[in-house]
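**Q** fold the stuff below for me.
(2 chains)
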Protein chains: 2
Amino acid sequence: MRILVLGGDGYLGWPTAMHFSSEGDEVMVVDNFSKRQIELNFGIEPLDSIATLHRRVALWKEVTGRKIHLHVGDLLNHRFIYKVLEEFEPEAILHYAEQPSAPYSMWTREYAVYTQHNNVIGTLNLLFAIKRHCPEAHLVKLGTMGEHGRLAIDRNEGYSINRPSGRTDGVSYPQSPGSFYHLSKIHDAYNINFTCQNWGLRATDLAQGVVYGFETDHTRLHPELRTSFHYDDIFGTVINRFLVQAVAGSPLTVYGQGQKPRSFLNLLDTIKFVELAVENPPRPGEFRVFNQFTEVFTVNQLAEMVREAARTNGIEVSIQHLENPRHEPEELPYPVKPAKVSELGLSPHLLSAGLITQMLDYIAGAAARINPEVFLPRIKWRQDSKMTVMD
Amino acid sequence: MRILVLGGDGYLGWPTAMHFSSEGDEVMVVDNFSKRQIELNFGIEPLDSIATLHRRVALWKEVTGRKIHLHVGDLLNHRFIYKVLEEFEPEAILHYAEQPSAPYSMWTREYAVYTQHNNVIGTLNLLFAIKRHCPEAHLVKLGTMGEHGRLAIDRNEGYSINRPSGRTDGVSYPQSPGSFYHLSKIHDAYNINFTCQNWGLRATDLAQGVVYGFETDHTRLHPELRTSFHYDDIFGTVINRFLVQAVAGSPLTVYGQGQKPRSFLNLLDTIKFVELAVENPPRPGEFRVFNQFTEVFTVNQLAEMVREAARTNGIEVSIQHLENPRHEPEELPYPVKPAKVSELGLSPHLLSAGLITQMLDYIAGAAARINPEVFLPRIKWRQDSKMTVMD
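**A** Model prediction:
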């Protein structure tokens, strides 16, 4: 199958591209390196340095004999993406090419506007390009569970309600997003759903929890084939931050009371979810939403798990509660339905003490490169914060 | 009260500005004339030529002695709108400054992107400017009933659901928009709602039906104080098209079976609705949605009403059904709840035979300027249309 990975330089894009390539699919990666630019602007780095995408693609060929095509360009340039689709004629398009940081989108007016412009208009250009050049292609788009971050009612997967007539109409689950980034995902979902209904495109929205883990069978083939591990306040996740704080002997910093449940999944499982979605495409005109996660923990539970695992490694760390920089309710019920896609055959990799220990060991090997300056949140969500006046 | 009218050159913006000025409010109008630019690009004109905004503001001063402030600029230029809010310190902001045409937004990729970029980013800049310079100001934003165009379930006003805990959370009524323009309105509503929740802004979204009528006490003061009347396929409404077609002796063109109900209101009532919303602002942090219309007709009923009124004027016209250029279901139930705002004291101006006759008489006086070439729809919604390949 011809598979196009947009955002192929990223944490998820790169291991996903290697996975499909290893399966014998014809894979093309596209990136504009905008996330690397933001890293440079803020002076933040992943724990281990990441080779250029050109280098990784060349190395992949050396190590496996398989070719991954590479094009550098921006979805905001519609001529670029039209040309890519015209020439490559993808059958599946995995769209990771969005500004992915909620805190970044909340930092200033400029970054909020950049996030919505980049994500919404880039995706609009992609939709028009698909209509023109490959209307049968299956668009797989990463959404986020955070789109629904603040609601307390059952969230069903999918975009459908029953009409009195017996017909089904597409509508979204009511959403209450947590940042301008999450809002951009909602805007995208509405735009994509509309083009499915009006033009007969087909798309899957994978509403994903927090992904953890950084190793796959393919990243292990060579140190320079690794994917990025961010623990900073812009691109890092709560679990990565805890792991690195533990190795650094710093307190694990929980925002607010830490009783809000959040959904998680292993990097290996997000790749498997995507594969299952690609193997089981929706019908033309259909827009599907799948919840994509395997486990739910409160942040407190997660902190305890990391503290316990660190203790068995001989590290004693404390847990420190900070004022929550985000504006979100505490103690939210989390009655999310399990992912439909798991019925298609996923055996999840759960977050065991053994896996946490393994990640701690890996991070300990890179301890000299840990920068504790990026542990603390610099962005606050509320008007009353001094941090939000930089607009 | 200091009232800022964004989009003050437009069909609604101008008579609304005159209304508040006549009431003794301090009014400022802002426009970038982007709608006039689109008119030029397509070679379309309102039935009567419209004086420049500078001229109308000067004339208003001559005729009434009242000053309306005027600033020319673009919401996409955030420095412009920051400066306007800093200097004028408005207490209410009436936001009409958006690309308002659904067909335009469906024409090409370029126009779809223009519509979403202009509307969403312009409104984002406005929200950040309000946060910075006048966080107490009441934002009144025009939404549209078309946001909900394709759903068959009860649509309640407002953005709230009850939580099990007894708290109320803000969520939108499930939406199913009919065009990239309508999508931009949904994106706006989500963004505005978020800033109310997070920054404590206050806003009212007036989900408005089709507005008809072109005369107010103030437009009648001088011919050059009139507001625009569009009957073309880009900015015209179904009712305006029928009126002009009747005067021209052309068939009234109904798209599809014409059994879809649509909501309507008089220009006088939309001004009154806005005034009631301004006089009764939401509390800080609240985002209200009001349905804003006074009557519901099917397009067939509307065509019959115009045909009847034309007959009494001695004009016989036929009704012609054309293939629907839009993608929308026929025979949609329309269980919309009546507008809450009407409880605040609105005596609606309904669409009587007398009013239709009056409008037909006015249009007959301008019959020589009717351009029948713009009666027919040039844009089709579906992929299978030849009209959609100009992207």
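
**Q** tell me the helix or strand right after the top helix by length along chain A.
**A** Counting residues, the longest helix in chain A under DSSP state H turns out to be helix A:180-199. Using DSSP states H and E, the helix or strand that follows helix A:180-199 in sequence is strand A:202-208.

**Q** residue A:208 and residue A:140 touch, don't they?
**A** No - counting by C-beta atoms under 8 Å, residue A:208 does not reach residue A:140; the two are 11.2 Å apart. Bear in mind the C-beta positions are built from the backbone N, C-alpha and C, glycine included.

**Q** can you dump the C-alpha atoms of stretch A:108-121 in PDB for me?
**A** Extracted as PDB, the C-alpha positions of stretch A:108-121 are listed here (Å, rounded to 0.1, in the frame of the first residue of the first chain):
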ATOM      1  CA  THR A 108       0.900  34.400  23.400                       C
ATOM      2  CA  ARG A 109      -1.500  35.700  20.800                       C
ATOM      3  CA  GLU A 110       1.100  35.000  18.100                       C
ATOM      4  CA  TYR A 111       1.400  31.300  19.000                       C
ATOM      5  CA  ALA A 112      -2.400  30.800  19.400                       C
ATOM      6  CA  VAL A 113      -2.900  32.300  15.900                       C
ATOM      7  CA  TYR A 114       0.100  30.300  14.500                       C
ATOM      8  CA  THR A 115      -1.400  27.100  15.900                       C
ATOM      9  CA  GLN A 116      -4.900  27.500  14.500                       C
ATOM     10  CA  HIS A 117      -3.700  28.900  11.200                       C
ATOM     11  CA  ASN A 118      -1.100  26.200  10.700                       C
ATOM     12  CA  ASN A 119      -3.300  23.300  11.800                       C
ATOM     13  CA  VAL A 120      -6.700  24.400  10.300                       C
ATOM     14  CA  ILE A 121      -5.500  25.900   7.000                       C
END
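
**Q** and that stretch, average pLDDT?
**A** The average pLDDT for stretch A:108-121 rounds to 97.

**Q** next, the buried residues of it.
**A** Neighbour-count burial for stretch A:108-121 flags A:108-109, A:111-121 (criterion: 16 or more other C-beta atoms under 10 Å in any protein chain shown).

**Q** please apply the same query to stretch A:216-233.
**A** Buried residues in stretch A:216-233 (16+ other C-beta under 10 Å): A:216, A:218-219, A:221, A:224-233.

**Q** can you give me the end-to-end distance of it?
**A** Stretch A:216-233 has its terminal residues 25 Å apart, counting by C-alpha to C-alpha, to the nearest Å.

**Q** residue A:112 should be in a strand, yeah?
**A** No - applying DSSP: H, G, I helix; E, B strand; the rest coil, one finds residue A:112 to be helix, outside a strand.

**Q** now the strands for the stretch 251-391 of chain A?
**A** Ranges of strands within the stretch 251-391 of chain A are A:252-255, A:261-266, A:287-292, A:295-298, A:319-322, based on DSSP state E, counting those that start in this stretch.

**Q** quick one on the thing from earlier: which one among the buried residues of stretch A:216-233 gets closest to chain B?
**A** residue A:233 (18.3 Å; C-beta to the nearest C-beta).

**Q** so what's the residue lying closest to that closest one once chain neighbours are set aside up against?
**A** Nearest residue to residue A:233, sequence neighbours excluded (C-beta to C-beta, 6 or more residues apart in numbering or on different chains): residue A:377, at 4.9 Å. Residue A:377 is in contact with A:103, A:233, A:255, A:322, A:325, counting by C-beta atoms under 8 Å, 6 or more residues apart in numbering or on different chains.

**Q** neighbours of the residue nearest to the third one when sequence neighbours are not counted, just the number please.
**A** Nearest non-adjacent residue to residue A:255, counting by C-beta to C-beta, 6+ apart: residue A:324, 4.2 Å away. Burial of residue A:324, expressed as a neighbour count using other C-beta atoms under 10 Å in any protein chain shown, amounts to 18.

**Q** what helices or strands is the helix or strand containing residue A:139 leaning on?
**A** Taking DSSP H and E as the definition, one finds residue A:139 inside strand A:138-144. Contacts defined by 3 or more C-beta pairs under 8 Å, 6 or more residues apart in numbering or on different chains; DSSP states H and E place strand A:138-144 against strand A:92-95, helix A:122-133, helix A:180-199, strand A:202-208, helix A:267-279.

**Q** export it to PDB, keeping only CA atoms.
**A** The C-alpha coordinates for strand A:138-144 follow below in PDB (Å, rounded to 0.1, in the frame of the first residue of the first chain):
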ATOM      1  CA  HIS A 138      -8.200   7.200   3.500                       C
ATOM      2  CA  LEU A 139      -7.200  10.100   5.700                       C
ATOM      3  CA  VAL A 140      -6.100   9.100   9.200                       C
ATOM      4  CA  LYS A 141      -5.900  12.100  11.400                       C
ATOM      5  CA  LEU A 142      -4.700  12.300  15.000                       C
ATOM      6  CA  GLY A 143      -7.300  13.900  17.300                       C
ATOM      7  CA  THR A 144      -6.800  14.000  21.000                       C
END
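
**Q** got a list of contacts for that strand?
**A** With C-beta under 8 Å, 6+ apart, strand A:138-144 has contacts from A:12, A:91-96, A:98, A:123, A:126-127, A:130, A:182, A:185, A:188-189, A:192, A:201-208, A:274, A:277-278, A:281-282, A:289.

**Q** ok, the nearest residue to residue A:275 once chain neighbours are set aside to residue A:294 distance?
**A** Counting by C-beta to C-beta, 6+ apart, residue A:275 lies nearest to residue A:19, which is 7.1 Å off, once chain neighbours are set aside. In this structure, residue A:19 and residue A:294 are 18 Å apart, going by C-beta to C-beta, to the nearest Å.

**Q** and residue A:32, what does it touch?
**A** By C-beta under 8 Å, 6+ apart, the contact set of residue A:32 is A:72-75, A:97.

**Q** same check on residue A:302?
**A** Shown in contact with residue A:302 (C-beta under 8 Å, 6+ apart): A:238-239, A:242, A:262, A:264.

**Q** give me the phi and psi angles of the residue nearest to residue A:233.
**A** phi -70, psi 130 (degrees, to the nearest 10).

**Q** what does the one 3 residues further on give?
**A** Summarising the backbone geometry of residue A:380 under the convention degrees, to the nearest 10, its torsions are phi -120, psi 150.

**Q** for residue A:69, same thing?
**A** Dihedral pair for residue A:69: phi -70, psi 150, per degrees, to the nearest 10.

**Q** my guess is it meets residue A:28, correct?
**A** Yes - if you go by C-beta under 8 Å, residue A:69 and residue A:28 touch, sitting 3.8 Å apart.

**Q** looking at these two, which one has more neighbours?
**A** residue A:28 (22 against 19).

**Q** for the record, mean pLDDT for the helix or strand hosting that one?
**A** Element membership for residue A:28 (DSSP H and E) is strand A:26-31. The pLDDT scores in strand A:26-31 average 98.

**Q** where does chain A dip in pLDDT?
**A** Residues of chain A meeting the criterion pLDDT under 70: A:145-176, A:329-345, A:382-391.

**Q** okay, helices next: where are they in it?
**A** Going by DSSP H, chain A shows helices at A:13-22, A:34-42, A:53-64, A:78-88, A:102-105, A:109-116, A:122-133, A:180-199, A:238-248, A:267-279, A:299-312, A:353-364.

**Q** output the fourth one as CSV, nothing but the C-alphas.
**A** It stands for helix A:78-88. Taking Å, rounded to 0.1, in the frame of the first residue of the first chain, the C-alpha atoms of helix A:78-88 are listed here in CSV:
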residue,chain,number,x,y,z
HIS,A,78,-1.1,24.2,-1.3
ARG,A,79,0.9,23.7,-4.5
PHE,A,80,3.3,21.6,-2.6
ILE,A,81,0.7,19.2,-1.2
TYR,A,82,-1.2,19.0,-4.5
LYS,A,83,2.0,18.0,-6.2
VAL,A,84,2.9,15.4,-3.6
LEU,A,85,-0.6,13.7,-3.8
GLU,A,86,-0.6,13.9,-7.6
GLU,A,87,2.8,12.2,-7.9
PHE,A,88,2.6,9.7,-5.0
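
**Q** pull out the buried residues from it.
**A** Of all the residues in helix A:78-88, those buried under the rule 16+ other C-beta under 10 Å are A:78, A:80-82, A:84-85, A:88.
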